[in-house]
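Undergrad: Fold the following.
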Amino acid sequence: MTTFGVHAGLQNVDMAELRSLWRHVEDLGFGWISIWDHFYAATFDPNDPHCHEAVATHAALACDTQRVRCGSLVYCAGYRHPAVLAKAISTIDQLSGGRTDVGIGAGWAQVEYDAYGIPFGSVGERMDLLEESIQVLRLLLREGVSDFEGRFFTLNDAKLEPKPVQSELPIWVGGGGEKRTLRIAARYADAWNIPFVAPETFARKRAVLHEHCADVGRDPASIRTTVNVGLAWSEEGLRAQFGAMADQVRPGVLRGSEGEVLERIQQYVDAGADQINLAIRAPFTTTFDDVERFASALGLH
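TA: So this is what the prediction gives:
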């Protein structure tokens, strides 16, 4: 059965409005809410820096909700030491009563790295960092004692207590790189997510993920495959929400009438999507009606 969620950006919004959105989304019957990990707004304009911090907001999400899964799409491996992140995520799972997922990706927004003085390595270096990070996360969240020796990280008889409520807290990988990202997902992830792609692109990427699973001896059914999509009932709505990025994200935006949106949703389901998340951005007061309309069309409430 397909899960439907909401991925809410942390930019240009006050915390009261964001918390109200979370409660509203849960009341509408969605099964998932997630946060992102950025230092700047999604325009990535140095003059547009208003964005809440991800770990603290993830914890607030866990405390403000009762039923939904509380996810992150995705923490940036370059911003977060995986041992420190694992400790935070274990605590967030305790706060949520066992409803937390953690997603991690290689990172790409160079403007943020440069502004905060974080080294922005080559693609290969960032992928190597991601691969070590997810292994460290997995060890600390699931093993009693962890040892690891890598290029970037080392664990020596490391213990993480208290453990998450969940014995196998789900670890996600975000991204669509076919050579490295999807192979890392095949080896180490419980779920995979990609944003703003058309159903046919999602199906092709998912097939590549399954090829990597075969290479590493993994059952592909053990990896949840998910997509983030936009929602715009009109061209004006698309432009208002995504601005200069509208054309870039258009292939992965649900548009048109309720019937056309439901037909597009079915295409993602037919392509193998286990979960579909609406990726929305502030001002949320103007998107409440859109999300309600979507939930009503799906029969969520």
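Undergrad: Please tell me how far Lys87 sits from Tyr188.
TA: Per CB to CB, to the nearest Å, Lys87 is found 19 Å from Tyr188. In this view, the C-beta of every residue, glycine as well, is placed from N, C-alpha and C.
Undergrad: The two: which is more packed in?
TA: Each of Lys87 and Tyr188 has its neighbours counted (other CB atoms under 10 Å); Tyr188 has more, 20 against 15.
Undergrad: Quick one: neighbours of the residue nearest to that one when sequence neighbours are not counted, just the number.
TA: The shortest distance from Tyr188 to any non-neighbouring residue, by CB to CB, 6 or more residues apart in numbering, is to Ile134 (4.7 Å). Residues lying near Ile134 (other CB under 10 Å) number 23.
Undergrad: Check Tyr116 too.
TA: 11.
Undergrad: Which residues are in contact with it?
TA: Going by CB atoms under 8 Å, 6 or more residues apart in numbering, Tyr116 touches Phe39.
Undergrad: buried stuff in stretch 268-280?
TA: Across stretch 268-280, burial judged by 16 or more other CB atoms under 10 Å covers Tyr268, Ala271, Gly272, Ala273, Asp274, Gln275, Ile276, Asn277, Leu278, Ala279, Ile280.
Undergrad: pLDDT at the last one, what is it?
TA: The confidence metric pLDDT takes the value 92 at Ile280.
Undergrad: Wait, it touches Phe294, no?
TA: No - assessed by CB atoms under 8 Å, Ile280 is found out of contact with Phe294, at 9.9 Å.
Undergrad: Name every strand pairing with the helix or strand that contains Thr225 and say which way it goes.
TA: Assigned by DSSP states H and E, Thr225 belongs to strand 224-232. Applying DSSP bridges, strand 224-232 is found paired with strand 191-195 (parallel), strand 253-255 (parallel), strand 275-280 (parallel).
Undergrad: Cys70 is nearest to which of the ones you listed?
TA: Checking those against Cys70 by CB to CB gives strand 275-280 as the closest, at 12.8 Å.
Undergrad: which helices and strands does the helix or strand just after the closest one pack with?
TA: Moving toward the C-terminus from strand 275-280, the next helix or strand (DSSP H and E) is helix 288-298. Applying 3 or more CB pairs under 8 Å, 6 or more residues apart in numbering; DSSP states H and E, we find helix 288-298 packed against helix 15-28, strand 224-232, helix 258-270, strand 275-280.
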